[in-house]
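>>> when you get a sec, could you give me coordinates for this:
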Amino acid sequence: QVQLVESGGDLVQAGGSLRLSCVASGSFWRIVTMGWYRQAPGKQREVVATIISAGSTNYAESVKGRFTISRDSAKNTVDLQMNSLKPEDTAVYYCNANQILTSSGWSGIEYWGKGTLVTVSS
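Numbers count the residues shown, from 1 in each chain. So this is what the prediction gives:
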């Protein structure tokens, strides 16, 4: 079992910045991939950014150049620095963890946090 807890969501004006954080806890040895997803009202959940344990990152086109994902594998945390925020970034942001190594081997389950709300006003 892996628990993910997000923090950092808030109301911010367009052009502003926020930093989201997620900490993973539970029974595991290593998490290979962590990421941030978001779901806006009336829309499907979409990937924002992902990072693997080796450090490689991927970003949605809509956030490239504005958002930066980082992680501390020793502390099992993943952060999302969001700059130049736009009203269309308004969504609930979810932390995700998958490709998890446990004492029983590789887990085929991916885990989600409960989400943190980011609201960008125009």
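>>> and the closest residue to R66 other than its chain neighbours, which of the three is it?
Residue nearest to R66 in three dimensions, not counting chain neighbours: S84, with 4.7 Å by C-beta to C-beta, 6 or more residues apart in numbering. No exception for glycine: its C-beta is placed from N, CA and C like everyone else's. Three-state call for S84 (DSSP: H, G, I helix; E, B strand; the rest coil): coil.
>>> next one, pLDDT for S84 please.
If you check S84, the pLDDT there is 98.
>>> neighbours of it, just the number please.
13 (other C-beta atoms under 10 Å).
>>> what sits against it?
Contacts for S84 (C-beta atoms under 8 Å, 6 or more residues apart in numbering) come out as G15, S17, R66.
>>> for K114, same thing?
V5, E6, Y94.
>>> so which of these are in strands?
Cross-referencing those against strands under DSSP state E gives V5, E6, Y94.
>>> now, of these, which are buried?
E6, Y94 (16 or more other C-beta atoms under 10 Å).
>>> which one of the ones in strands among the contacts of K114 is nearest V78?
E6 (9.5 Å; C-beta to C-beta).
>>> so who does the closest residue to the closest one other than its chain neighbours touch?
Excluding its sequence neighbours, the residue lying closest to E6 (C-beta to C-beta, 6+ apart) is T116, at 4.1 Å. Listed by C-beta under 8 Å, 6+ apart, the contact set of T116 reads E6, S7, G8, G9, L20, V92, Y93.
>>> and the gap between T116 and A40?
14 Å (C-beta to C-beta, to the nearest Å).
>>> then V23?
For V23 relative to A40 (C-beta to C-beta), the value is 24 Å.
>>> who's more crowded, those two?
More neighbours surround V23 than the other of V23 and A40, with 17 against 14 (other C-beta under 10 Å).
>>> ok, back up a step: what subset of the contacts of T116 is buried?
Among the contacts of T116, the ones that count as buried (16+ other C-beta under 10 Å) are E6, G8, G9, L20, V92, Y93.
>>> which residues touch the most centrally placed residue in the chain?
Note on the chain: the residue nearest the mean C-alpha position is W36, at 2.3 Å, using C-alpha atoms, centre = their mean. Contacts here follow C-beta under 8 Å, 6+ apart; on that basis W36 touches 20, 22, 47-50, 69, 78, 80, 93-96.
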